[in-house]
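Student: Provided below are the primary sequence and the corresponding predicted coordinates.
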Amino acid sequence: MPENAPQRRIGVLLVNLGTPDSPQTSDVRRYLNEFLTDGRVVDMPAAVRYPLFQGLVVPLRAPKSAKIYQQLWTERGSPLLFHGLDLQKLVQERLGSHYVVAFGMRYQNPSIEKALEELREAAVDRIIVLPLFPQYASASTGSVQQKVMDIVRKWWVVPSISFISSFADNPGFIDTIVALGKEEMAKRDYDHIVFSYHGIPERHVLKGSFKGYCQLGKCCNTYNKNNRYCYRAQCFATSRLVAAGLGLSPDQYTVSFQSRLQSRLRDPWLQPYTDEVLKPLPAKGIKNVLAFSPAFVADCLETTIEVGEEFKELFEEAGGEHWQLVPSLNTHPLWVEAVTDMIRQN
Ligand SMILES: C=CC1=C(C)c2cc3[nH]c(cc4nc(cc5[nH]c(cc1n2)c(C)c5CCC(=O)O)C(CCC(=O)O)=C4C)c(C)c3C=C
Ligand SMILES: [Fe+2]
Ligand SMILES: [Fe+2]
């Protein structure tokens with residue numbers, strides 16, 4: 001480097017979805033209002049979306065969601081938030097002083113605005129954005145990308161920015177899930193494995209389909225240039241790779257989708273639905289199930305409560321004996337290394 005050349009630093013922005021500031025109904029309401037009026041999450045015209053969600057859906061949902069958040073809350077607050085902050089610290093340590101790592105949430109706090117401001121203050125030369133969603137969805141990754149661009153387009157000096165749009169088949173990501181799965185499988189025998197992903201409306205996949213390639217069927221069994229951004233195909237790709245790492249044959253696992261809101265929004269969500277997959281299992285002699293939640297890199301309401309508690313209850317009511325959730329990647333050393341590698345390779 002020439003003697004007087006400025007020392008260049010690279011900014012890294014890690015982003016997760018968001019969580020309420022507290023499990024009180026008022027904070028949950030504020031969070032859901034921001035989340036469910038995002039046009040990439042609820043893709044209705046704004047003139048319908050705002051009155052419907054702020055006026056009806058959120059006021060009804062917030063008190064119920066607040067009760068669930070109260071179950072999830074820990075001494076350190078929301079797991080999604082504190083695992084994110086821990087990951088930021090560890091990735092910063094591993095990357096060293098040529099990088100500045102910030103952490104933000106798409107909804108609520110710490111905001112993406114604040115995180116980007118930290119990077120601007122640090123005079124970084126360029127910014128790498130890593131939305132912490134392994135599989136691309138317009139409702140998650142796309143929304144983060146749009147928010148980041150909306151903010152930096154107003155800066156006088158617009159920085160060079162790159163986005164890591166998905167990492168569904170990233171070897172470090174897969175290896176970490178495999179390592180966590182092996183730990184659980186060493187403790188006892190399982191009859192079957194379920195990979196349960198956050199659902200999205202089928203319409204969202206079809207809207208992103210390249211020249212009509214995606215049909216939500218067998219097209220998702222391979223992952224190629226035509227379905228590069230198909231959330232469902234990416235979920236199947238992650239599952240196949242984890243299954244291969246665990247030495248599972250196709251009949252030993254099922255891929256399914258949870259958290260559907262289709263009863264209220266009417267349109268079908270990605271299928272098969274996890275609750276419908278798990279209920280008939282005990283009658284087929286499948287009494288011990290290990291469940292993975294590979295759409296999430298950190299414990300949150302969707303993993304700990306929905307998969308770890310609600311599905312366990314459903315499975316046991318149906319005659320199942322043991323339902324076990326594999327913990328999320330959180331700050332597993334292999335995951336910290338995987339994130340660091342993704343950034344260095346960008
Ligand atoms: C994996 C990425 C996610 C996608 C894609 C996604 C789409 C999506 N979500 C909703 C509605 C809700 N999701 C909720 C919680 C939630 N969702 C994600 C991730 C994705 N969502 C996470 C990580 C979390 C947990 C946050 C936490 O604080 O722990 C909720 C709130 C909880 C509740 O009230 O039940 C809602 C609502 C839609 C409609 C959607 C796509 C269209
Ligand atoms: Fe969600
Ligand atoms: Fe597809």
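Tutor: Thanks, I have the structure now. What you are looking at is a predicted structure, and each value in this text was computed from that prediction instead of being measured. Residues are numbered from 1 along each chain as shown. Ligands and ions are numbered 1, 2, ... in the order given.
Student: Quick check: which ranges of this protein have low pLDDT?
Tutor: Along the chain, the parts satisfying pLDDT under 70 run over 1-6, 262-265.
Student: Going by neighbour count, which residues in stretch 46-58 are buried?
Tutor: Under the neighbour-count criterion of 16 or more other Cβ atoms under 10 Å, stretch 46-58 has 49, 52, 53, 57, 58 buried. Where C-beta positions appear, they are placed from N, C-alpha and C, glycine not excepted.
Student: quick check, nearest of those to residue 189?
Tutor: residue 57 (43.1 Å; Cβ to Cβ).
Student: is it fair to say the closest one lies in a helix?
Tutor: Yes: under DSSP: H, G, I helix; E, B strand; the rest coil, residue 57 sits within a helix.
Student: tell me the strands in the chain, going along the chain?
Tutor: Counting by DSSP state E, the segments of the chain that form strands are 10-19, 99-108, 126-131, 160-163, 192-198, 253-258, 288-292, 322-325.
Student: nearest to ligand 1, of those?
Tutor: With Cβ to the nearest ligand atom as the criterion, ligand 1 lies closest to strand 10-19 of the strands of the chain, at 3.2 Å.
Student: Off-centre distance for the closest one?
Tutor: Relative to its chain's centre, strand 10-19 lies at 12 Å (Cα atoms, centre = their mean, to the nearest Å).
Student: dump the residue contacts of the residue lying closest to residue 142 once chain neighbours are set aside.
Tutor: Nearest residue to residue 142, sequence neighbours excluded (Cβ to Cβ, 6 or more residues apart in numbering): residue 40, at 5.4 Å. Listed by Cβ atoms under 8 Å, 6 or more residues apart in numbering, the contact partners of residue 40 are 138, 139, 142, 143, 146.
Student: By neighbours, which of those residues wins?
Tutor: Of all the contacts of residue 40, the highest neighbour tally under other Cβ atoms under 10 Å goes to residue 143, namely 22 neighbours.
Student: So residue 70 versus residue 301, what's the distance?
Tutor: For residue 70, the distance to residue 301 (Cβ to Cβ, to the nearest Å) stands at 11 Å.
Student: higher neighbour count, these two?
Tutor: Neighbours were counted for residue 70 and for residue 301 using other Cβ under 10 Å; residue 301 has more, 19 against 13.
Student: Give the closest residue to that one in space, chain neighbours not counted.
Tutor: residue 72 is the one closest to residue 301 (Cβ to Cβ, 6+ apart), at 5.3 Å.
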